[in-house]
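S.K.: What would the 3D arrangement of this be:
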Amino acid sequence: MNIFKSNPINQVWQNICRHEGESFSTIRGISYQYVVKENYILINNDPRRKVKKEAIEKALLIQNPSPSKLQQEGFWANSYLYGIITDARIKIQ
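M.R.: Below is the predicted model of the structure:
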């Protein structure tokens, strides 16, 4: 079952913007933050770690997401992306 089925990207993106600069964690406990720019985020404000809003939207459609599943689907920064889309501050209840 897709746990994000009812999460429109605009609501999720608003939450992403709202929690910019806060600490998030990967499954392995690596702490990171992100900065929101126009239609993408930068992990740890590093331009080499850019995740587009479009990628986040596509990731939300994956059923039972995991870092390895995101990687298999070709997502970059899969552990960071997973940490964001599954965080209670971001997903719509």
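S.K.: which residues does residue 51 contact?
M.R.: When contacts are counted by C-beta atoms under 8 Å, 6 or more residues apart in numbering, residue 51 is found next to 34, 40-43, 76-77, 80-81. Placement of C-beta: from N, CA and C, glycine included.
S.K.: 7 Å instead, please
M.R.: Contact partners of residue 51, counting by C-beta atoms under 7 Å, 6 or more residues apart in numbering, are 40-41, 43, 76-77, 81.
S.K.: backbone phi and psi for it, please?
M.R.: Reported as degrees, to the nearest 10, the phi and psi values for residue 51 are phi -120, psi 120.
S.K.: in stretch 41-59, what counts as buried?
M.R.: Neighbour counts over stretch 41-59 (16 or more other C-beta atoms under 10 Å) mark 41-43, 51, 53, 55-57, 59 as buried.
S.K.: May I have it as PDB, with CA atoms only?
M.R.: Once side chains and other backbone atoms are set aside, the C-alpha atoms of stretch 41-59 remain, and they are given as PDB (Å, rounded to 0.1, in the frame of the first residue of the first chain):
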ATOM      1  CA  ILE A  41      16.500  21.300  -1.700                       C
ATOM      2  CA  LEU A  42      20.200  21.200  -1.000                       C
ATOM      3  CA  ILE A  43      21.200  18.600   1.600                       C
ATOM      4  CA  ASN A  44      23.600  20.200   4.000                       C
ATOM      5  CA  ASN A  45      23.600  23.300   1.700                       C
ATOM      6  CA  ASP A  46      25.800  21.400  -0.700                       C
ATOM      7  CA  PRO A  47      25.100  22.100  -4.400                       C
ATOM      8  CA  ARG A  48      26.300  18.600  -5.300                       C
ATOM      9  CA  ARG A  49      23.400  17.200  -3.100                       C
ATOM     10  CA  LYS A  50      20.500  18.700  -4.900                       C
ATOM     11  CA  VAL A  51      17.000  17.000  -4.800                       C
ATOM     12  CA  LYS A  52      14.400  18.400  -7.000                       C
ATOM     13  CA  LYS A  53      10.800  18.900  -6.000                       C
ATOM     14  CA  GLU A  54       9.800  16.600  -9.000                       C
ATOM     15  CA  ALA A  55      12.000  13.800  -7.500                       C
ATOM     16  CA  ILE A  56      10.300  14.200  -4.100                       C
ATOM     17  CA  GLU A  57       6.900  14.000  -5.800                       C
ATOM     18  CA  LYS A  58       7.900  10.800  -7.600                       C
ATOM     19  CA  ALA A  59       9.300   9.300  -4.500                       C
END
